[in-house]
Every structure is written in structure tokens, then in C-alpha cells.
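Undergrad: show me how the following folds:
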Amino acid sequence: EAPDQLVQVSNQGLSVLNWAPSSDSPWMTAVQDGAFLHISFSTGSLAPGVYQGNVTITSNTAANAPVTIPVTLKMIATGAPAVKFGGAVDAANYCIRANCYLAPGSLATLFGTQLANQTATATTTPLPNKLSTTQVLVNGTPVSLIYVSYGQVNFQLPAALPPGARWIITVQRDGQTSNVISARYTSSAPAIFTEDQSGLGYGAILLAGQGVVADNNHPATRGAYVEIYATGLGTSNTPAPTVIFSGTGITGNVEVPVSYAEAAPGFAGLNQINVQIPTTVPATSHLRVQVRTAYNLLSNVVEIAVK
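TA: Below you'll find the predicted structure:
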């Protein structure tokens, strides 16, 4: 199944922009969706191959109308799923930090090809161990799935420790099994989610009890508490981490014990870390934040704004 595509249509003039799209191909549909051009595909009857088409945007108010957008659709013959070597990473920042380990119970992501025959997202709890026709097996056991698509699968690792300190992972789809990959195990490997899902920039760090990200528009107050959302803290008997604050105007690092570091209520695989912002840090839009485990393994570095 080919994923839908969204293309933003912007108005750089002073008058109201009226526009309408059309497709020249029976396998492609183009509609207006607010300020976006929404392109969808009907691929059920298409044989493997490369298909070329065009979407034309017409307007009675735009000086540069009509605009033609070429579209290429590549249909690949169905085969076994293939997982990218080293493709098992944490779901928060895709292991952009050094030393990529995965902890029990954490949220993880696989990348590859033909991992699913359609996009599907879990809508119930407990999470299913099959979405569409896709399953992920970790050390031989199906695990909970959150999202599947042609090139990506999000899943939750088992809470039990793996034999041999390695996660052995395969994907099954339509009765076909992928290549085998492995990922390194550790008891705790925190990874902080971020506002733009890149693993960088402002973290998924909320003003305590307010549900608002502590960014430049809503800076946290020094001395107040914030909630850090991450994955990979490990099992409940893992020693609590600490939080490191650093940045311009800080000599060295300021390391702070946490007041809470457990599973986030109601969310599988998600951890919540509550910590008080030191009163000694300077007001800044880019205070760096990092989580350190009791075994000295560091998370990715994210930012918050403080006042």
C-alpha cells in the first residue's frame, strides 16, 4: 500500500487563493485538504513497475496557475520482509547518541522494507501482538506492536531479560520471515522524546501538571518541577537515574536526583521522570538536559527553556 502524500500550497499574494487539484491517472487521486494537496493511491490492480502521472493545480486567482506536479509511483513485487542491519533502535531518538542499547520494556523501532502490507496503528490496550498481517518476534516470542508500515515498525520490548544479553529480532508478514538481527541489551538505557520527534531540540518535557512543553513560548520557572517523558528506564527494580543540566553560564554540570522515575500512567513503554529545575541555572531558551543511569549510561541531550 502506497502512503498518502501531503503537499502544502501557500499563498504569497494579498488576495484570497482559490485552487483545485486534478489527477491525470486512474491510480492516483488528488483533493484539496485545507492548505494542503492530498494525494492518495489505488494500487490494488497495479502490477510491479514504475508509473508516471501528474497532478495539476488550477486557480482563477493565482498569477502562476496552472501548476503541474509530476508524480512517480514505484510498485515493488511482494517478497519477504527485510530488516535493515542495525535497524533496531529506541523509538525516542533512533539511537542518535553513542552506545545504542535497548532496555527491557522500552519502546523500539525497526526499519527495513516490506515490513507490512499496509499502514496500521494499535487502537486498543493491551497492545496487540499483530497489526494487519505483521508480527515482530523477539527471542522467538511475539511482542506488542504500536505501529506498522512498509518501512517502519514500532514495538515494545519484553520486560524479561533476554538470554545471552542480546535481543534477537525477526519480522513475520503473511507467513514470510525476515532476516535475523540483534540489538544490545542493558538494564537501563534512557532515551528522551522530543517535540519534533527528531531526538534533538526541545524535549518532551512538560511543566508539571500542566501538559505544556517547556519551550521558548512556555519557559519553566527555576525551582519548579518538570516532567520528562522518555523510554528505556528498564524494570521497576532498576536504580533511579539522575538528571544533568548544562549549558552556557553553567560551570560544569548540575546533576539533580529525581523525585519520580517510573512508568507513565496509561502508556505502554513510556517513562515519566519528575525533577526540580535547580535555582542556580541561568535563564535561557536552551538549557541542556540529559538523563544519567546509575550505571553511567547517558541519554540523548535535549533542551528546555527556563526563566
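
Undergrad: and the strands in the stretch 1-150 of the chain?
TA: Counting by DSSP state E, counting those that start in this stretch, the stretch 1-150 of the chain has these strands, from start to end: 5-8, 20-23, 28-33, 36-41, 49-58, 67-75, 82-90, 107-113, 120-121, 134-138, 141-142, 145-148.

Undergrad: the ones you listed: lowest mean pLDDT?
TA: Of all those, the minimum mean pLDDT falls on strand 82-90 (a mean of 88).

Undergrad: how far does that strand sit from its chain's centre?
TA: Distance of strand 82-90 from the chain centroid (CA atoms, centre = their mean, to the nearest Å) equals 14 Å.

Undergrad: against which helices or strands is that strand packed?
TA: strand 107-113, strand 166-173, strand 181-184 (3 or more CB pairs under 8 Å, 6 or more residues apart in numbering; DSSP states H and E). Every residue, glycine included, has its C-beta placed from N, CA and C.

Undergrad: neighbouring strands for it, and are they parallel or not?
TA: strand 107-113 (antiparallel) (DSSP bridges).

Undergrad: can you list the buried residues in the strand it pairs with?
TA: Buried residues in strand 107-113, counting neighbours by 16 or more other CB atoms under 10 Å, are found at 107, 108, 109, 110, 111, 112.

Undergrad: nearest to residue 246, of those residues?
TA: Residue 246 has its nearest neighbour among the buried residues of strand 107-113 in residue 107, at 25.9 Å by CB to CB.

Undergrad: does that closest one touch residue 154 like I think?
TA: Yes - counting by CB atoms under 8 Å, residue 107 does reach residue 154; the two are 6.7 Å apart.

Undergrad: quick one: common contacting residues for the two?
TA: Counting by CB atoms under 8 Å, 6 or more residues apart in numbering, the residues touching both residue 107 and residue 154 are 91, 146.

Undergrad: hmm, what's the outermost residue in the chain?
TA: In terms of distance from the mean C-alpha position of the chain, residue 60 ranks first, at 40.1 Å (CA atoms, centre = their mean).

Undergrad: got a list of what the residue lying closest to that one once chain neighbours are set aside touches?
TA: In this structure, residue 60 finds its nearest non-sequential neighbour in residue 18, 6.0 Å apart by CB to CB, 6 or more residues apart in numbering. Residue 18 sits next to 59, 60, 61 when contact means CB under 8 Å, 6+ apart.

Undergrad: same check on residue 12?
TA: No residues are in contact with residue 12 under the rule CB under 8 Å, 6+ apart.

Undergrad: partner residues bridging residue 246?
TA: Bridge pairing for residue 246 - DSSP bridges - gives residue 288.

Undergrad: distance-wise, check residue 102 relative to residue 234.
TA: In this view, residue 102 and residue 234 are 10 Å apart by CB to CB, to the nearest Å.

Undergrad: packing partners for the helix or strand residue 255 falls within?
TA: In this assignment (DSSP states H and E), residue 255 forms part of strand 254-257. Contacts defined by 3+ CB pairs under 8 Å, 6+ apart place strand 254-257 against strand 242-246, strand 271-276.

Undergrad: of the helices and strands packed on strand 82-90, which is nearest residue 250?
TA: Closest to residue 250 of the helices and strands packed on strand 82-90 is strand 107-113 (CB to CB; 30.7 Å).

Undergrad: I'd like the helices and strands packed on strand 82-90 as JSON lines, with distance to residue 238 appended.
TA: Output for those, formatted as JSON lines (distance: least, CB to CB, whole Å):
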{"stretch": "strand 107-113", "distance to residue 238": "16"}
{"stretch": "strand 166-173", "distance to residue 238": "17"}
{"stretch": "strand 181-184", "distance to residue 238": "17"}
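
Undergrad: right, so of those, which gets closest to residue 267?
TA: It's strand 107-113; of those, that one is closest to residue 267 (CB to CB) at 9.3 Å.
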